[in-house]
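Q: Predicted coordinates and the sequence they were generated for:
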Amino acid sequence: MPTTFSKFADLCRKLESTTKRTEKVVYLVDFLKLLDSNEIAPAVSFVTGRPFPESDERVLEVGGQTVWKVHRKTGQSALIQSPVTILEVYRIFDKIANASGSGSRQRKEMLMSTLLSRLPRSDADYLMRIVFGEMRIGAVEGVVLDAIAEATSINPEQVRRANMLLGSLPNVAELALTKGRGSIEAVGVMLFVPIKPMLAEMADGVGDAIKEHGGISAFEYKYDGARIQIHRKADQIKIFSRRLTDVTSSVPDIVNVARERIRGSEYLVEGEIVAMGREDKPLPFQDLMRRFRRVHEIDAMVKSIPLRLFLFDVIYVDGKLLIDVPYEKRWEILRGLTDGEVLATRIVTRDVGEAEKLMQASIQAGHEGVMAKDLKSTYTPGVRGKKWFKVKPVETLDVVIVAADWGSGRRKGWLSNYHLAVRDETSGEFLVVGKTFKGLTDQEFTEITPRLLGLRTKETDYTVYVKPSIVVEVAFNEIQHSPHYKSGFALRFARIARFREDRRSEDADTLQRLSKLYQDQFRFKSPADF
C-alpha cells in the first residue's frame, strides 16, 4: 500500500521532538521498514531536506514569496480529497523541475499550489521545508546511515563505505533495503557515477602538518581552481565537478587533454582545473565558474578562458579500486598514467623551510597555498580528516548566506549585508556567525541581488530570508564568543573573498569545526573570562 505523505510528516514531527541520536535512529528504522521499494529513494531525499538526490541536477526554482502566500491560504480542502502519497509528491516535484519555456513559472506555481491545497497545514509545513532546503529535524547523513544499517542488519562501516563510493544516500538506502548485505558489500567504483571527494582539515602551518604525518609529508600546490573527477572507459569520457554534477559539455578542452595526455582506457582520476590568463597566471575563480555554467557558445568560451589541468590522485584504474592503497603508491600509479606535465606541482619533504618555500611559490604563482598529504593515507571519499591538510596564509571559512539586508546610501537597491551561517552537524541547522557587506564589487552586488530574491523564503521590510544555497568563502581576523547568535560565535572583521559556486550548502564549514578553531586560538592568547 502506498505510503502517505502524512506518515512522512509524522516521522518528521517525531525526529524534531528529540535531540537523542538513538531515538532518531529508532524512528527512522521503523519508517524505512514501512516503505515500498520505489518509495525508498524519494523518502530518504525528503527526510534530508532535498526534493531530489544530491547528485541530481534537477532544481525546482519556485518563488519563495509566492509559495508562502499560497501556503498560508491552504489546509482546509485536504479533508475532502484523497491522501497525498510520497511518490505523488516526488512526481509533482519532477513536473515542476521539468517545466520550461513560456509560462513555466505559472505552471510551477500552479502545481505547487494544487499540491499544498491537498495537505493539512501541519503536513504542508514539512513540504515547504523540503522545497527550500530547511528541514532542520536532525536527520543528518550520519543518523540516516545508522538507521539504514540498523534496518538491514548490515555492518554500519559497510553502509558508510557504500555511501562514500555511490555518493548518494537515497541510492544506498534503496540498495540496502531491497537487495541486502551482499549488494552493499559489493559496491565499488562505478565509472560515470561520481564519488564524493576526500576532504581536508585546515592546518596552522606546514610544520604542524609534517608533525601530524609522522615527520614527513607530500606537499602540493593548492590551486585556485575547481576540483574535478575524470572518468574514462574506452572512448567515453565524462567529467564531474566537486558537487558531483556532469560538466563534460562545458569543458571540451579538458576532455581532449584527458584523451591525449592520460594513458589508459579505463580510469578515474582526480585533479583541479584552473582558468589561465596572461603570463600563465590564473584568472579569478569567478571566471572559471563562467565555464562551468556555460551551456551555449562553448567554443568561444574555450578561446577566451583557456583551462589547465593539474592531476593529484587516481581512484580506479583497469578494474582495480585504489582507495585502500596508500597515497604514496597511488601517486606512482598516477605518474605512470601521464607524461608528467599535467601533474600537480609537488614535493616530499621533512624540512619545514622547504615546504614553506613551496607554499610561497604557490602563492606567487597566483594560487592559495599548499596541500599536505600523509604518504601512508588511504582515500576516504566524503570524509574530512588529518590525512590531508590545507595550509593557507590567511584563515578562511566556507559559509552559507541565509539572509540579506537591503542596503542604504550607495548600496541602496541592493541586498548587500549578508547573514553568514555554518552548519550544525548534529541538527543540520544553519546557524548565523556574523554579517558582512565587505569584499564585493558593485557588479557583484548587482548580480547577487536577483539570485537571492529568487531563493527567498520570507521577508520583512528590511531583511530577505533565503534558502541556504549560496556558499561564500570568507576571510576573518578572529573567532569571538557571541551571546547574540544561537551558534555562540561571531567572525570578527569578516570579508567575502569569493563565491564558491563549486560547493553545496552541505559542503560548508560546520559549527563543530568553528568551535575547534575557536579553542585553537587560545594556544597563543589567554581566553576572556565570561
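A: Nice, I can see it.
Q: Can you pull the poorly scored residue ranges out of the chain?
A: Applying pLDDT under 70 to the chain flags the ranges 63-81, 286, 294, 408-409, 522-530.
Q: How is it divided into domains?
A: Following automatic domain parsing, one finds the domains of the chain at 5-185, 199-391, 396-523.
Q: Quick check: which of those domains is nearest to Val193?
A: Minimum separation from Val193 across the domains of the chain (Cβ to Cβ) falls at domain 5-185, 6.6 Å. To be clear about C-beta, it is placed using only N, CA and C from the backbone, and glycine gets the same treatment.
Q: any idea how far the closest one is from the chain center?
A: Here the centre of domain 5-185 is set off from its chain's centre by 18 Å, with Cα atoms, centre = their mean, to the nearest Å.
Q: Leu191: which of the domains of the chain is closest?
A: domain 199-391 (4.8 Å).
Q: Beyond the helix or strand containing Leu175, next helix or strand please.
A: Here Leu175, judged by DSSP states H and E, is contained in helix 169-179. Going down the chain from helix 169-179, the next helix or strand is helix 181-185, by DSSP H and E.
Q: Just the CA atoms of that following helix, as CSV, please.
A: Extracted C-alpha coordinates of helix 181-185, given in CSV (Å, rounded to 0.1, in the frame of the first residue of the first chain):
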residue,chain,number,x,y,z
ARG,A,181,24.1,-7.1,2.6
GLY,A,182,25.7,-8.7,-0.4
SER,A,183,24.9,-5.8,-2.7
ILE,A,184,26.3,-3.3,-0.2
GLU,A,185,29.5,-5.2,0.4
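Q: Give me the residues contacting it.
A: Helix 181-185 has contacts (Cβ atoms under 8 Å, 6 or more residues apart in numbering) with 152-155, 158-159, 162, 172, 175-176.
Q: And these, which of them are buried?
A: Neighbour-count burial (16 or more other Cβ atoms under 10 Å) applied to the contacts of helix 181-185 gives 152, 154, 158-159, 162, 172, 175-176.
Q: other SSEs contacting the helix holding Leu175?
A: Judged by 3 or more Cβ pairs under 8 Å, 6 or more residues apart in numbering; DSSP states H and E, helix 169-179 is in contact with helix 40-47, helix 141-152, helix 156-166, helix 181-185.
Q: Asp374: which of those helices is closest?
A: Closest approach to Asp374 among the helices and strands packed on helix 169-179 (Cβ to Cβ): helix 156-166, 18.1 Å.
Q: Identify the residues contacting the helix holding Leu175?
A: 32, 35, 37, 40-42, 44-45, 48, 53-54, 141, 144-145, 148-149, 151-152, 154, 159, 162-163, 166, 183-184, 187.
Q: buried stuff in it?
A: 169-177.
Q: Same check on stretch 336-347?
A: Of all the residues in stretch 336-347, those buried under the rule 16+ other Cβ under 10 Å are 337-338, 342-346.
Q: Among the residues you listed, which ones are in helices?
A: Using DSSP state H, the subset of the buried residues of stretch 336-347 located in helices is Leu337.
Q: what two of the buried residues of stretch 336-347 are the furthest from one another?
A: Pairwise over these, using Cβ to Cβ, the maximum falls at Leu337 and Thr345, 17.4 Å.
Q: List the buried residues of stretch 478-492.
A: Buried residues in stretch 478-492, counted by 16+ other Cβ under 10 Å: 479-480, 482, 485, 487-491.
Q: quick one on the thing from earlier: mind listing which of the buried residues of stretch 336-347 are in strands?
A: Taking DSSP state E, the ones among the buried residues of stretch 336-347 that sit in strands are Arg346.
Q: Nearest to Asn417, out of the buried residues of stretch 336-347: which one, please.
A: Distances from Asn417 to the buried residues of stretch 336-347, taken by Cβ to Cβ, are shortest for Ala344, at 38.3 Å.
Q: which residues touch that closest one?
A: Neighbour list for Ala344: 220-221, 223, 271-272, 310-312 [criterion: Cβ under 8 Å, 6+ apart].
Q: Let's verify the closest residue to Phe499 other than its chain neighbours: helix, strand, or coil?
A: Spatially, and ignoring its direct neighbours in sequence, Phe499 is nearest to Val472 (5.6 Å; Cβ to Cβ, 6 or more residues apart in numbering). At Val472 the chain is in strand, as set by DSSP: H, G, I helix; E, B strand; the rest coil.
Q: same question, Ser113
A: Ser113 - assigned by three-state DSSP - is helix.
Q: Can I get the contacts of Ala344 in JSON lines including distance to Asp125, secondary structure and neighbour count?
A: Formatted as JSON lines, the contacts of Ala344 follow (distance: Cβ to Cβ, whole Å; DSSP: H, G, I helix; E, B strand; the rest coil; neighbours: other Cβ atoms under 10 Å):
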{"residue": "Glu220", "distance to Asp125": "47", "secondary structure": "strand", "neighbour count": "23"}
{"residue": "Tyr221", "distance to Asp125": "48", "secondary structure": "strand", "neighbour count": "24"}
{"residue": "Tyr223", "distance to Asp125": "44", "secondary structure": "coil", "neighbour count": "24"}
{"residue": "Gly271", "distance to Asp125": "44", "secondary structure": "strand", "neighbour count": "27"}
{"residue": "Glu272", "distance to Asp125": "42", "secondary structure": "strand", "neighbour count": "23"}
{"residue": "Phe310", "distance to Asp125": "47", "secondary structure": "strand", "neighbour count": "19"}
{"residue": "Leu311", "distance to Asp125": "47", "secondary structure": "strand", "neighbour count": "23"}
{"residue": "Phe312", "distance to Asp125": "45", "secondary structure": "strand", "neighbour count": "23"}
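Q: and of the residues you listed, the nearest to Phe445?
A: Checking those against Phe445 by Cβ to Cβ gives Tyr223 as the nearest, at 27.8 Å.
Q: And Asp208, how close does it get to Ile148?
A: According to Cβ to Cβ, to the nearest Å, Asp208 stands 36 Å off from Ile148.
Q: who are the neighbours in contact with the residue nearest to Thr436 when sequence neighbours are not counted?
A: Take Thr436 and drop its neighbours on the chain: the residue closest to it by Cβ to Cβ, 6+ apart is Ala494, 4.3 Å away. Applying Cβ under 8 Å, 6+ apart, we find Ala494 in contact with 420, 434-436, 438, 474-476.
Q: hmm, 10 Å instead?
A: Residues near Ala494 by Cβ atoms under 10 Å, 6 or more residues apart in numbering: 397, 399, 418, 420, 433-439, 472, 474-477.
Q: From those, pick the one nearest Arg259.
A: Of the contacts of Ala494, the one sitting nearest to Arg259 (Cβ to Cβ) turns out to be Val472, at 35.1 Å.
Q: Look up which residues are beta-bridged to that closest one.
A: For Val472, the beta-bridge partners are Val399, Phe499 (DSSP bridges).
Q: can you give me the strands in the stretch 151-300 of the chain?
A: For the stretch 151-300 of the chain, the strands defined by DSSP state E, counting those that start in this stretch occupy 199-202, 217-222, 226-233, 236-241, 266-275.
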